[in-house]
Structure formats: structure tokens, C-alpha cells
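**Student:** Provide a 3D model corresponding to the input given below.
(chains A and B)
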Amino acid sequence: MAATAQTVAQVRDLGKYKHGWETEIEMETAPKGLNEDIVRFISARKDEPDWMLDWRLKAYRHWLTMTEPTWAMVDYPAIDFQDIYYYAAPKNTEGPKSLDEVDPELLRTYEKLGIPLKEQEVLAGVQGAPKVAVDAVFDSVSVATTFKKELESHGVIFCSISEALQNHPELVRKYLGTVVPYTDNFYATLNSAVFSDGSFVYIPPGVHCPMELSTYFRINAKDTGQFERTLIVAEEGSYVSYLEGCTAPMRDENQLHAAVVELVALKDAEIKYSTVQNWYPGDETGKGGIYNFVTKRGACRGDDSKIRWTQVETGSAITWKYPSCILQGDNSVGEFYSVAIANNAQQADTGTKMIHLGRNTRSRIISKGISAGRARNTYRGLVRMGPKALNGRNFTQCDSLLIGDRCGAHTVPYIESRNRTAKVEHEATTSRIGEDQLFYCRQRGIGEEDAVALIVNGFCKEVLQELPMEFAVEAQKLVGISLEGSVG
Amino acid sequence: MLEIENLHAAVDGRAILNGLTLAVAPGEVHAVMGPNGSGKSTLSYVLSGRDGYEVTAGRVRFRGEDLLALDPEERAAAGLFLAFQYPVEIPGVTNMTFLKHAVNGLKVQRGEEELDAMQFLKLVRQKAKALGMSDDMLKRAVNVGFSGGEKKRNEILQMAVLEPAFAVLDETDSGLDIDALKIVADGVNALRGPERSMLVITHYQRLLDYIVPDRVHVLAGGRIAQSGGKELATRLESEGYAAFVEKAAA
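**Tutor:** Residues are numbered from 1 along each chain as shown, chains lettered A, B, ... in the order given. Sure, this is the predicted structure:
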């Protein structure tokens, strides 16, 4: 696969964090800091309807009354929310345009990242490679969305959320904030006030989305927060598989990323949401890196609906995210497959919430945490069986793998069952990467780092195999790269 | 091919090998026999470079190189293979994937071109077939849920695919019933050749009925107590190790 070969070449060239370069491009930014004027500026810049601005302002005012959560097992210095740019956009990319009009410098950026934005290249790509539609978000705005026409012919809407606010305001208004309300939590509320862009997906009733959809997030500008908002609605009997990827340049300062993702699955609908998160993790001493404080939640609103979260979290200085499912519809299914790798000074506190409300709802949680260096890796999960969730079922498996003797792994499961017919199972293991396994690999001629990557990939297999094929290959490589230098 | 001279080695500060000297010429198969605790497995780990096995004196030349100066994967690239007494399980990694990393890991180290997917598949299928191993076994995770016999056969498959110049078989017969033993021995014999040498470490003479050695050495007290032809193994079987252990202790 071309993208893979390119990635390998980039890794060779760029060393440990392969996406650490910066694009030189003229940017338009709002003044630093946050106040009502900034919220108004962002809304005006995007020419939003009044109700959208009102919603943002309500969120902003509510945010002023909130305090940052401190319960996660992560340490970081206080964030100065007035020292951040809340809006940064490449100049001349006002609103989405056809690919021909996109700044060539931006196209080159995505090309370098191995993200094909030119449809003809995808079409002419490797034989048998499935098509993937891409929405590329650069700092605060979406710069390009591919395969729009083909998707439209199926009635699928895939565009930036700014564009959706222009062209499909009634759909956005109907669903936005219905899964993650603007009062939800400190970071989600901040996001509701200042979100700049993100993706919007709408799958009409009965439609099986003909290709993978993906959004590729790139933070480029300095001192900029990225606050994207993604909303995916799958109507009755529809199906969609969606993937997001993320990278950022290497910088000494920490950068804030506070996204919100909302999924709505109606009757018989299925949404697969996969994430390969590779934000800059900071250097070996813990300097720099992204603070990834993200709220992701899906509502299985209709009967027999299904939502599956798959995440591979290798980047970020701090990861704080709990992709969750609200299982409202009877017989609905929620799944969470996670690989979280923390190396050097990285800190990850991640897991899921499965809220069982409807009858015969089922959930499955498979979490694989890998800690190396001085990193701290926490699985935190909640399984709640409501009083009406008759015959609700959950199975949770949390496995932790330790590399070296200075890292930590923690498992914090919360289980609440309010009815006698529900069944909740939790299994957890913690193990060290075996000296015997490493030696066995090395005796066969496999170098030490390759051996670690091989063993860890085996450990994560149950999760990685849930990713769409073409991304699974990338994810496997990423696992190896993010653990470089963790042994010996 | 392999020259071990006055080798002393310790584990956790305890001396296990005490001046072992042994030379194996190209194409030869030597057997090392000895009672429990005589240093047989230590010898295999010292040769393959496992952490924790400290060489305190002596030297080992392998194909003209100082073997002890190399990392384990470099020793493998130089042509050394160890068939493990207890093959290790690697959950989630298929035999196929593991072999591919091994084959290409060796090729990269040797500066040769890596095999592509098709070439590799062809090579492994052919070797597996020769050992009577099913495709299904190639798709299973390395040694996970394998019976004792399957694990040992898997070691021989790896050896057949990697084609080492020198193979150390560490108690490959342990835990095998007679049918499995024959299959493994046939696999090993098929790999014998004028350029390939082997060191067969075993507790019992039984294996040597099937893999007939050129030389037999008795290891006792961390050194070679006696060497001879294959008849030495038969003598050991009837007389036991006691005489050698006493001699070594004296």
C-alpha cells in the first residue's frame, strides 16, 4: 500500500514522531483569550444562524460557572484559558471549496501525512484498495472533503459541520447537543461555546454507506486550541463506518484539544467509529505534547441499534476520554475496543461508559493498556444497568501490559446494577512483557524493538482486528513506533 | 564451525560451566549428554546470548567470529539457531507472522533483500508440508495451546525455514512420545548436510537412536568429562552418569 510505504519512509526520515513538522501557511486567528466577543467572532466568521450563536453563548455562560475536573489520574500544570487562540484558520480557505481551489501547500501537508485528498489518486491507487472519503480539518477549519458527489448520490451527507449549518441547519439543530448537552462537563461545555469545525454525517433510512468515511485532524498553529465537533446521525436501518486520525507538530508548549463527538443511531442502525489518535505526545522528558480532553458519546436511540467504538490511542501528553454508549433502545448493543499506549512521560486515563436503559441491551468492553517508560495508564469505566434494563448484559475485559519497571497501570471499574436480571462480568489481567518472549524473538533474528512491536501487536490483536483493514496496518506500525526506546 | 575454549559461565553469581572445551566441524552432529544440573541448558543459553548468563572466562569462535561479542539477533544472523527446550508462547501473533519477521529480520541483518508475501508463503508452505504440518497450525498463535509434540515440531519448522548453519537442539526429545519423537527426528535428519552442524543436547540415549551423532560428549560438573563415538551413548544408557559425576566432583 502506497500510504504505508510512505509512512515507513517518513519514519525513517523523521525519527520518532513522524508528524512533527510544521506547515508554513498564512493564518487568520482571532485574538488570544476567551470572552463573549470571541464566541460571537467565531459564530460570525462562519455566518451561523442565530440559534447557533445563542446556544454557544449559553454554553459559554455556563462554562464560567464550572471548574475543571480533577478526578482523573493525571497531573498537569493549570491551563491558562486566556492564553490560547480559539480560532485559527488558513487564509483563503473560507468555507469549503472544490479540491481544485484548495491551497496546494495544504494538499502537500496531507499528502505528506499519507492522507489522499485527490480523488483520482485514490481511484488510481492500489488495486482492490477500498475507497475512503476524507474530511480534512486543519486547525480550526475543514479544508477539503472528498467523494462528496458520489456520497450524495446515495443521499449520504458528509461535510464539515460549518457547511452543514449552512446547508442542513434543521438536521444539525435537531440533533446537536442531544447526546452531549452543552452543560455536560467542563471541556464539552467549552467546546460547545467555541467549536470551530468538525464533521457532519447523515445517513438516510435504509442506506448502507458505500465507503468508509474519515476525518483527518491536524493541529498546526502555535498556542492554538482545537475544538472540533462531530455529529453523526444514522437513520433507521442504515449503516456507516467512520474513522478519525489526528497528528500535530512537535512543540515545546502544550496544546489543548477538546473535542466533542456525538453519535445517534436510530432503529436498526449501526455506527462503527474508529479512532487512531497520534497527537504529538511530548518529548522523552515530558516537555510539550497535546492535552487530549475529549467527550465522545453515542446514543443507541432506536431498538436493535448498535454502536461500536474502536480506539487506538498512542499520542498526546495526556489523554482523558471515555467514548460511551447510551443504550436506550431495546436490544441495542454497545461495544468499546481500546488500545491505549503510554510511553515516556505520557499519561492516559481512558475507558468507557455503558449506560443500559432499554431491555435486553448488551455491551462489550475490551481494553488493552500498554505502559512503558515512566508513563501512567488508567482504565476507568462505568457499567450501569438501569431499573428497566431487564436482562441487560455486559462483559468487560481489561488487560494491562507493563514494559520496564518505572511505569504504572491502573484499572478503575465502576459497576452499578439496579435490577436483578442484569448480568455484569469483569475480567482484568496485568502482565509484564516477558523476557522469555523477547529472547525467543531475538534468537530467531528479530531485533529487540521489532520484537516488542510484534509482542505488543499480538497483545492488542483483539482490538486491532476491529479496525477497517487499511487502517489496521497503519495502527500496527504506530504501535511499534510509539514504543521505540522502551526497552534496553 | 564452532570452537568453544575453556568456557566458564555463571548464573546469579553461581558458576555453572567450568572450563568447557568443544569443537564441532562443518557437517558434524555432536551430542551432549549429562545429568540434570550438569550445565546442558546453560550451555545452550550462553551460546545464544541470553541475558543473565554471564561468561566469566573462555571464548567461543563461530565461523571465525567472536560469538560472545554478538547480540542474540546477530548470533542468529551469523547462522546460530536454538531449538528451545520450552518453546515460548506469543499470544496474538500467528506462526506465519512470527516466521515472516524472523526470515526478514535475518535478511535485513545480512544485507539481503526481504522476501515478499508470495515468496514467503511458498517457502513456509513447502517446509510445513515436508514436516506434515497443516496450514491451520501456521495460522495459530505461536505455541499457544500447542501440545508438547506440536511445540517441538514447530521448533523444527522454524529451523527448516530459517536454515541455520548451526543448530543447538536443547532436549528436543523431552516430553515427546515415540511417534512425535520419530517425526521430529525425521525433520532434523532431513536438515543434515555437509554445511550444517548440530549440537544435540539430551538427557537420554533414546533420541540418538534416531539422530545418530558423529561424536558424543558427557557433560558433568560444567565441563566435558568424556568424549567418544556414538557407542558412548549406549554405554551411558547402561551404566548411568554416576561415574562421571563422581569423577567431575573429585
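
**Student:** who touches the strand or helix carrying residue A:37?
**Tutor:** Per DSSP states H and E: residue A:37 is located in helix A:36-45. Identification of contacts with helix A:36-45 by CB atoms under 8 Å, 6 or more residues apart in numbering or on different chains yields A:30-31, A:52-53, A:56-57, A:60, A:86-87, A:89, A:193-194, A:196. Heads up, the C-betas are built off the backbone N, CA and C, glycines and all.

**Student:** Check which element follows that helix along the chain.
**Tutor:** Using DSSP H and E, the next helix or strand after helix A:36-45 towards the C-terminus is helix A:50-64.

**Student:** From the chain's centroid, how far away is that next one?
**Tutor:** How far helix A:50-64 lies from its chain's middle: 24 Å, per CA atoms, centre = their mean, to the nearest Å.

**Student:** I'd like the average pLDDT over that helix.
**Tutor:** Averaged across helix A:50-64, pLDDT comes to 96.

**Student:** Identify the residues contacting the nearest residue to residue B:133 once chain neighbours are set aside.
**Tutor:** The shortest distance from residue B:133 to any non-neighbouring residue, by CB to CB, 6 or more residues apart in numbering or on different chains, is to residue B:157 (6.0 Å). Listed by CB under 8 Å, 6+ apart, the contact set of residue B:157 reads B:95, B:99, B:127, B:128, B:131, B:133, B:187.

**Student:** try it again with 7 Å
**Tutor:** Contacts for residue B:157 (CB atoms under 7 Å, 6 or more residues apart in numbering or on different chains) come out as B:127, B:128, B:131, B:133.

**Student:** now the angle from the helix holding residue A:37 to helix A:50-64?
**Tutor:** Using axes from the mean of the first three to the mean of the last three CA atoms, to 10 degrees, the inter-axis angle of helix A:36-45 relative to helix A:50-64 is 150 degrees.

**Student:** quick one on the thing from earlier: among the contacts of residue B:157, find me the one that's closest to chain A.
**Tutor:** Chain A lies nearest to residue B:127 out of the contacts of residue B:157, by CB to the nearest CB, at 14.4 Å.

**Student:** what's the burial count for the closest one?
**Tutor:** 22 (other CB atoms under 10 Å in any protein chain shown).

**Student:** Is residue A:408 in contact with residue A:379, as I believe?
**Tutor:** No. Using CB atoms under 7 Å, residue A:408 is not in contact with residue A:379, being 12.0 Å away.

**Student:** And for residue A:68, the neighbour number?
**Tutor:** Residue A:68 has 12 neighbours, counted by other CB under 10 Å.

**Student:** and it, that one's in a strand?
**Tutor:** No. Counting by DSSP: H, G, I helix; E, B strand; the rest coil, residue A:68 falls outside a strand, being coil.

**Student:** Roughly how far does it sit from residue A:81?
**Tutor:** Taking CB to CB, to the nearest Å as the measure, residue A:68 falls 9 Å from residue A:81.

**Student:** just residue B:17 next, same as before
**Tutor:** Distance of residue B:17 to residue A:81, computed by CB to CB: 66 Å.

**Student:** Looking at those two, which is more packed in?
**Tutor:** residue B:17 (26 against 14).

**Student:** strand partners of the strand or helix carrying that one, parallel vs antiparallel please.
**Tutor:** Under the criterion of DSSP H and E, residue B:17 resides in strand B:14-24. Sheet pairing here is set by DSSP bridges, and for strand B:14-24 it gives strand B:2-11 (antiparallel).

**Student:** So for the strand it pairs with, mean pLDDT?
**Tutor:** For strand B:2-11, mean pLDDT rounds to 96.

**Student:** Find the centremost residue of chain A, please.
**Tutor:** Central residue of chain A (CA atoms, centre = their mean): residue A:275, 4.6 Å from the mean position.

**Student:** residues contacting it?
**Tutor:** Residue A:275 makes contact with A:244, A:311, A:312 under the criterion CB under 7 Å, 6+ apart.

**Student:** and those residues as a markdown table, adding secondary structure and pLDDT?
**Tutor:** Formatted as a markdown table, the contacts of residue A:275 follow (DSSP: H, G, I helix; E, B strand; the rest coil; pLDDT from 0 to 100):
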| residue | secondary structure | pLDDT |
| --- | --- | --- |
| A:244 | strand | 85 |
| A:311 | strand | 91 |
| A:312 | strand | 90 |
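
**Student:** Top of these by number of neighbours, please.
**Tutor:** residue A:312 (30 neighbours).

**Student:** Check whether that one really touches residue A:475, as I assumed.
**Tutor:** Yes. Counting by CB under 7 Å, residue A:312 touches residue A:475, with 4.7 Å between them.

**Student:** list the residues that contact both of those two?
**Tutor:** Common neighbours of residue A:312 and residue A:475 (criterion: CB under 7 Å, 6+ apart): residue A:276.
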